[in-house]
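A.B. asks: what follows is a predicted structure for the sequence shown.
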Amino acid sequence: MATEAVAQEGTATRLRVTAVPIGAWLTAIVVASILVRYLLARRIVAPWIMVDELIYSELARGVVSGEGFTIRGSAAPAYSFVYPLLIAPAYLIDALPTAYQVVKAINAVLVSLAAVPAYFLARRVLGCGLSVFAAALAVSIPSLVFAGEVMTENAFYPLFLCVALAMVLALERPTLRRQGVLLALCAIACLTRVQAVALIPAVLLAPFLLGTWRAWRATYAFVAAVGAALLSLQWARGQSPLDLLGAYATTGEQRYDVAEVARWLLYHVADLDLYLGVFPFAAALVVFSLWPRLPELRPYLAATAAIAVCLLLEVSFFATIPSVQRIQERNLFYLAPLLLIAFLVWIDQGAPRPTFRAGAAALLAAALPAFIPYERLIGVSAQSDTLMLLPLWRIQERWFALDDVVFLACAASAAAALAFLLVSRPHAIFLALALVPFYVALQRPITERMERAAAGALAEGIHQQRRDWIDALVGDRGEVGALWTGNASRFPIWQNEMFNRSVGPVFYIGLPMEGGLPSTPLTLDRGTGALRPAADIPFMLADSSVELVGTVIGADTSSHVTLWALDPPLRQASLVEGVYADTWSSARVTYTRFGCDGGSVTASVQGDPSLRRAPSTVRVVGTDVRVAVPADGRPHTVVAPLRRVDGQCTATFDVSPTTVAGPSDPRELGLHFDALRYTP
């Protein structure tokens, strides 16, 4: 009787659940996801994936200002267009710190809308209940923490699922209309994220996998014609076809080694296995192995296989580039909903486990994580690109040596694979339910690491209470330039650009700042201190190693930047040589004062006991000044008289001894020169 009562109660519960309209379930999932994603995004205090976040902020601001797709006032056709258009309304707000928060709200809406195409994609192969669950899983995966970043992933994720849905529909019934919609969505995806070019070969491959390629002849002809037209246009312009890839054109200029690509392909498949939770990966393999027995699933399986193969190959090629060399999970997580739906199909089919196929799938899923070189890939770069490594990094920091992480990952994978093999068919649904707390558990170490990275980027860039402190000081009095000398961190320029509308053009002396954004070179006239070509701007933000001719109207001393109201023409008042960006000196430091009639310069120096415990000596060349500086980590002063020659005054400091910090830093280091102050 008790069993019958439980069964009746279960039936009543299912009836109550199914009585709720599907639209209400989807709305609830989307709204809940928006709230959660926005609350988590607000904890990301500043942009830190640079210069990507700055690029899309600048593009959106250019759209709103009427300048079009521009970065620092220069046309930027090499970047994706769709995402900047979507976030542009946020930049109608004058205060950029507020606009930044609104962008996060837009991101939360965009990524949460992925539940809708995920549901309809699942409905091609599943009933309503499991399809709703697939929609919930689609907005539960860890990578949706990117809602806190100004990144194209937020727009591309739901659009990617729309492309997958359109592909399945077109494979089911390949009418010209459905093929046209699919190609149009692929074009929009390419304008959202260049990575979407991998979807084009996937569209061409899927009909071959299904054996229906003859019905797709119009698509093949259209793609061939568009490809030929684009190549002809590039040839007529005298440009390389690789320029069509925009900012990623350099990827086509690399030489790729087949063995290297295969190795990174293995790493990416293994990471995808871990990311899903191992047993969904094993179940998906079983479903694909049952292809001949499941004709009604073939369009979905063909689309998933084609997209997965093309995307995995693309990111594996990209990962072999010397400047990358890491697992590009950020470019691969879009596959997760497709494989999770395949996992739910396995449950819906009664959790079939053909002895050989299920055993092979479980063994492969358990073994793959052992091939990831955790000791090499766990680190700072994983914070933005390989989120699955962040929980392992946290565990390693607290309880394990780095070399032991592989054993932990293998043990967890083996346990998940055993669960796949041993859980009974009636209880297989509990494997799916276990994914929700699994993904939730992953969120905390991932978000904590990203929060820490964002806080560090902000601390390195802005220490003012108001992030738009430059706008507050300058008002509407004119544009503020930013001067890069290579003697300080890049983040003060990047962060102040993000949060201050008045900060405009960027200039540099010597080498340009990394990131490849538009900037103007300046040449120092060593006779007069003039910086040419002269910039017609009233204000300049510069690091503290630069003293300009003008009036200091503000400073962020902790970030080592100063805001100058310039006395035109633009020129330096002094020049310091022999001091590195981190304030360490070389063996000789030279101070030059332009337009000088004499005086002295006071150097604030300090030793570092972690480098050298013995005292150092600072000698002012050509004078009797000699100061012993103990290695006590405290500031000491050295006053040097200036020698006047041809309208310039100079003082030269010799520091001895110097020490090489270690194999990772071959510089000969003397003392920290924290400040050089001129006294007339």
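C.D. replies: Received the coordinates, thanks.
A.B. asks: distance of the spatially closest residue to L563 that is not a sequence neighbour relative to D468?
C.D. replies: Using CB to CB, 6 or more residues apart in numbering and skipping the chain neighbours, the partner closest in space to L563 is G554 (4.0 Å). Where C-beta positions appear, they are placed from N, C-alpha and C, glycine not excepted. Distance, G554 to D468, by CB to CB, to the nearest Å: 12 Å.
A.B. asks: next: C190.
C.D. replies: Distance from C190 to D468, counting by CB to CB: 35 Å.
A.B. asks: and the pLDDT for the closest residue to Q254 other than its chain neighbours?
C.D. replies: Setting aside the residues directly before and after it, Q254 is nearest to I321 in space (CB to CB, 6+ apart), at 5.5 Å. Note on I321: pLDDT of 92.
A.B. asks: I321 belongs to a helix?
C.D. replies: No. Going by DSSP: H, G, I helix; E, B strand; the rest coil, the assignment for I321 is coil, not a helix.
A.B. asks: one step back: so G554 and D468 - more neighbours on which side?
C.D. replies: D468 (21 against 17; other CB atoms under 10 Å).
A.B. asks: angles on the backbone of the more buried one, please.
C.D. replies: Backbone torsions for D468, taken as degrees, to the nearest 10, come to phi -100, psi 40.
A.B. asks: how about low-confidence regions in this structure?
C.D. replies: By pLDDT under 70, the low-scoring segments of the chain are 1-19, 242-253.
A.B. asks: list the buried residues in the longest helix seen in it.
C.D. replies: Taking DSSP state H as the criterion, the chain has its longest helix at helix 429-461. The neighbour-count check on helix 429-461 (16 or more other CB atoms under 10 Å) flags 429, 431-432, 435, 439, 442-443, 445-447, 449-451, 453-454, 457-458, 460-461 as buried.
A.B. asks: next structured bit after that helix?
C.D. replies: Once helix 429-461 ends, the next helix or strand along the chain (criterion: DSSP states H and E) is helix 469-474.
A.B. asks: tell me which other helices or strands that next one touches.
C.D. replies: Packing contacts for helix 469-474, counted by 3 or more CB pairs under 8 Å, 6 or more residues apart in numbering; DSSP states H and E, involve strand 550-556, strand 561-566.
A.B. asks: what does the longest one contact?
C.D. replies: What that stands for is strand 550-556. With contacts defined as CB atoms under 8 Å, 6 or more residues apart in numbering, strand 550-556 is touched by 462-464, 469-470, 473, 492, 539-540, 544, 561-567.
A.B. asks: please repeat the previous calculation with a cut-off of 6 Å.
C.D. replies: Applying CB atoms under 6 Å, 6 or more residues apart in numbering, the external contacts of strand 550-556 come out as 463-464, 473, 562-567.
A.B. asks: again with stretch 73-92
C.D. replies: 56, 59-61, 63-64, 69-70, 99, 102-103, 106, 152, 155, 191-193, 246-247, 518.
A.B. asks: so which of the residues you listed belong to strands?
C.D. replies: Under the assignment DSSP state E, the contacts of stretch 73-92 contribute T70 to strands.
A.B. asks: now, the contacts of stretch 73-92 that are in helices?
C.D. replies: Using DSSP H, the contacts of stretch 73-92 in helices are 56, 59-61, 63-64, 99, 102-103, 106, 155, 191-192.
A.B. asks: need these in TSV with distance to T617 and neighbour count, can you?
C.D. replies: TSV is the format used below for the ones in helices among the contacts of stretch 73-92 (distance: CB to CB, whole Å; neighbours: other CB atoms under 10 Å):
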residue	distance to T617	neighbour count
Y56	51	25
L59	53	25
A60	54	24
R61	52	22
V63	58	19
V64	57	16
A99	53	22
V102	56	15
V103	53	28
I106	59	21
A155	59	26
L191	62	15
T192	60	24
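A.B. asks: and the one helix or strand L183 maps to, how far from the chain's centre?
C.D. replies: Per DSSP H and E, L183 falls inside helix 176-192. Centroid separation for helix 176-192 versus its chain: 26 Å, with CA atoms, centre = their mean, to the nearest Å.
A.B. asks: give me the buried positions along it.
C.D. replies: Buried residues in helix 176-192, counting neighbours by 16+ other CB under 10 Å, are found at 178-179, 181-183, 185-186, 188-190, 192.
A.B. asks: format those as a markdown table; extra columns: distance to L209.
C.D. replies: As requested, the buried residues of helix 176-192 are arranged in a markdown table below (distance: CB to CB, whole Å):
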| residue | distance to L209 |
| --- | --- |
| R178 | 17 |
| Q179 | 16 |
| V181 | 20 |
| L182 | 15 |
| L183 | 18 |
| L185 | 20 |
| C186 | 17 |
| I188 | 24 |
| A189 | 20 |
| C190 | 22 |
| T192 | 26 |
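A.B. asks: tell me which of the residues you listed is nearest to F371?
C.D. replies: Ranked by distance to F371 (CB to CB), the buried residues of helix 176-192 are led by A189 at 30.7 Å.
A.B. asks: and the residue nearest to that closest one when sequence neighbours are not counted, how far is that from C162?
C.D. replies: Leaving aside its sequence neighbours, A189 sits nearest to A196 (CB to CB, 6+ apart; 3.7 Å). For A196, the distance to C162 (CB to CB) stands at 11 Å.
A.B. asks: more neighbours: these two, which one.
C.D. replies: With neighbours defined as other CB under 10 Å, A196 and C162 compare such that A196 has more, 25 against 22.
A.B. asks: show me the contact partners of stretch 595-611.
C.D. replies: With CB under 6 Å, 6+ apart as the criterion, stretch 595-611 contacts 591, 616, 629, 631, 633, 635-642, 644, 649, 651, 659, 671-680.
A.B. asks: and if you look at stretch 334-353?
C.D. replies: If you take CB under 6 Å, 6+ apart as the criterion, stretch 334-353 is touched by 118, 122, 125-126, 130, 134, 137-138, 141, 157, 160, 276, 280, 283-284, 286-287, 304, 308, 425, 428-429, 432.
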